[in-house]
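> Structure for this input, please:
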Amino acid sequence: MIGVGKIGEAIARALLKAGFKRVVGTVRTERRREQLKDLGIPVLLDNREAAREAEIVFLCVKPYQASGVLKEISGLLAGKLLISVAAAVRTDYLEALAPGARVIGHAEHKHPCRPTRPQP
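Numbering: from 1, shown residues only. You can find the predicted model right below:
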């Protein structure tokens, strides 16, 4: 979970509630990291470290941050699923910045959804 702001936190909580065990998030500041202690997941300050081990990467950053973050982690995304909730960031733009990733661009967060439990 790259960017555990309001939306990223909500997604992380939903994944945990659905039974996902391995959720890792990133934030930009130590202050935000402290605020998320009750979340019960590792919260890192390093996007590359989080992306390196992930199978699925949620991009939960503001649209103006998407380019910089993807340039930082693009070399670690080959073959991985990249789900973006960054509003108004086109899928083809994400694909160009993350070649080799399987991109689901702009997952609409204004509509309710329920994650399913992971399969054993």
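
> Could you pull out the strands in the protein for me?
Taking DSSP state E as the criterion, the chain carries its strands at 25-26, 43-44, 56-59, 81-84, 102-104.

> The residue sitting nearest the centre point of the chain bridge partners, please.
In the chain, the residue lying closest to the centroid (C-alpha atoms, centre = their mean) is Phe58, at 2.2 Å. On the basis of DSSP bridges, Phe58 takes part in beta bridges with Ile83.

> what's the spacing between it and Met1?
5 Å (C-beta to C-beta, to the nearest Å). Where C-beta positions appear, they are placed from N, C-alpha and C, glycine not excepted.

> ditto for Gly19
16 Å.

> Which one's more surrounded, those two?
Met1 (27 against 10; other C-beta atoms under 10 Å).

> which neighbours do Phe58 and Met1 share?
Common neighbours of Phe58 and Met1, using C-beta atoms under 8 Å, 6 or more residues apart in numbering, are Gly8, Ile11.

> List the residues that contact the nearest residue to Asp92 once chain neighbours are set aside.
Using C-beta to C-beta, 6 or more residues apart in numbering and skipping the chain neighbours, the partner closest in space to Asp92 is Gly105 (7.9 Å). Gly105 makes contact with Ser84, Val89, Arg90, Thr91, Asp92, Tyr93, Leu94, Glu95 under the criterion C-beta under 8 Å, 6+ apart.

> Show me just the buried residues among those.
By neighbour count, with 16 or more other C-beta atoms under 10 Å, these hold Ser84, Val89, Tyr93, Leu94 as buried.

> Could you check how far the second one is from Ile41?
Translated: Val89. As judged by C-beta to C-beta, Val89 and Ile41 stand 25 Å apart.

> And the third one, by the same measure?
Counting by C-beta to C-beta, the gap between Tyr93 and Ile41 amounts to 29 Å.

> can you check the last one too?
When distances are taken as C-beta to C-beta, Leu94 and Ile41 turn out to be 24 Å apart.

> Repeat that for Lys80.
Per C-beta to C-beta, Lys80 is found 19 Å from Ile41.

> picking up where we left off before, can you lay out the strands of the chain as CSV showing distance to Gly5?
Below are the strands of the chain laid out as CSV (distance: least, C-beta to C-beta, whole Å):
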stretch, distance to Gly5
strand 25-26, 10
strand 43-44, 12
strand 56-59, 12
strand 81-84, 14
strand 102-104, 19
